[in-house]
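S.K.: Following is a predicted model, sequence given first.
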Amino acid sequence: MDKNQIKTSCLINNYNYAEFLSEAIDSALNQTVKFDEIIIVDDASTDNSAEVITKFTQVANVKSILKEKNQGQLSSFNEGFLAATGDIIFFLDADDIYEPQYLETTLKFYKGRSECDFLFCAYKKFGAVEGTFQSDVVDLDLGYSVIRTLYNGEWIGSITSTLSIRREIIRKFLPIPYIEDWRVRADDCLIWGASLVGAKKFYLSKPLVMYRIHQNNQYHNKKFLDIDNNYEYKRFWKRNSLFNYILQKNNFSSPLFLAFTSLNELKTIPCPKYKDFILYLKIIFLFEHSFFWKIKGIVLLVSYFVKTLITGKLKIL
């Protein structure tokens with residue numbers, strides 16, 4: 001398959017997952033279309049992860065970063081990205097697995113949709129829990145999401161191992177200095193960051209990633225929530241700091257006419273859902289300062305809703 005001169009980097013982040021790490025690396029190596037480079041970032045593991053990684057670095061396109069200090073997942077993303085040279089960056093947790101056609105399928109999608117900046121796919125759970133998770137049964141153009149993320153904290157994406165992002169987008173927000181805030185769930189930084197810097201997002205309905213569920217899976221088992229009952233409250237303030245950093249880094253400020261900008265952003269979604277209209281209606285009603293534009297924006301939004309409904313482009317579910 002012709003990759004059309006697109007260089008690809010796979011970033012594998014690992015901490016004490018030596019028992020799973022070989023499978024993850026093998027899944028990246030054994031793709032039907034090969035990654036140009038695979039970068040394994042080990043976050044100062046205390047098990048035999050370094051030994052496992054060393055065996056793989058004998059392969060030409062495999063590189064490793066063995067950190068001396070454990071600093072968490074965001075730190076690994078930062079260092080991996082700084083070392084990567086690919087045009088598209090693919091992320092893989094060390095306990096997950098790519099299906100053999102993952103890279104070939106996603107590259108074909110990027111090639112067919114040159115406007116795609118950020119892509120995430122459906123996935124299959126395996127291990128302690130099994131099943132397929134799909135946001136939708138068809139591929140989706142999700143449009144742009146700057147406004148809905150900035151004003152509503154909208155999270156448009158999926159687990160780390162399903163994500164791929166164009167380099168030109170990631171460089172606008174990585175590296176992020178708040179590594180202590182995001183020792184876990186750092187995929188939030190990728191998902192929110194991409195939205196805020198203007199990534200056009202797409203969803204691929206084919207499950208191309210195997211998401212392992214096991215006793216040490218912190219997110220699935222909510223271990224950090226058990227330890228800290230105030231986690232979500234603290235996460236809200238961490239999100240604010242993250243947003244402020246990304247906005248300042250990109251010299252971004254709130255739009256002068258929020259209602260007008262919100263409606264234009266909604267129109268970037270070819271087949272919006274009912275909940276999309278409700279969300280933008282909420283944003284216009286709550287955050288548009290001009291009373292004139294608040295009323296006009298609501299009227300225009302309702303008018304567009306009716307038009308979308310009549311033309312059959314509205315997704316009810």
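M.R.: Perfect, I can see it now. Just so you know, these numbers come straight off a predicted model, no measurement behind them.
S.K.: what about Phe252, neighbour count?
M.R.: Using other Cβ atoms under 10 Å, Phe252 has 16 neighbouring residues. The C-beta positions use only the backbone N, C-alpha and C, and glycine is treated the same way.
S.K.: so what's it closest to, chain neighbours aside?
M.R.: With Cβ to Cβ, 6 or more residues apart in numbering as the criterion, Phe252 has its nearest non-adjacent residue at 7.3 Å, and that residue is Leu196.
S.K.: Return the residues in contact with that neighbour.
M.R.: 146, 149-150, 173, 243, 246-247, 250, 252 (Cβ atoms under 8 Å, 6 or more residues apart in numbering).
S.K.: Relative to Ser64, which of those is nearest.
M.R.: Phe173 (24.6 Å; Cβ to Cβ).
S.K.: tell me the SS of the closest one?
M.R.: coil (DSSP: H, G, I helix; E, B strand; the rest coil).
S.K.: now the nearest residue to it once chain neighbours are set aside: how far from Leu103?
M.R.: Leaving out its chain neighbours, the residue that sits closest to Phe173 by Cβ to Cβ, 6+ apart is Gly193, at 3.7 Å. Separation of Gly193 from Leu103 (Cβ to Cβ, to the nearest Å): 23 Å.
S.K.: Val41 too?
M.R.: 19 Å.
S.K.: just Tyr203 next, same as before
M.R.: For Tyr203 relative to Leu103 (Cβ to Cβ), the value is 17 Å.
S.K.: Compare neighbour counts for these two and give me the winner.
M.R.: With neighbours defined as other Cβ under 10 Å, Tyr203 and Leu103 compare such that Leu103 has more, 24 against 21.
S.K.: That one contacts Thr32, correct?
M.R.: Yes: shown here, Leu103 and Thr32 form a contact pair, counting by Cβ atoms under 8 Å, at 7.3 Å.
S.K.: Give the residue spans of the stretch 1-150 of the chain that score low on pLDDT.
M.R.: Scanning the stretch 1-150 of the chain for pLDDT under 70 picks out 1-4.
S.K.: Can you show me the strands along it?
M.R.: 8-14, 37-42, 62-66, 88-93, 97-98, 118-127, 131-133, 140-143 (DSSP state E, counting those that start in this stretch).
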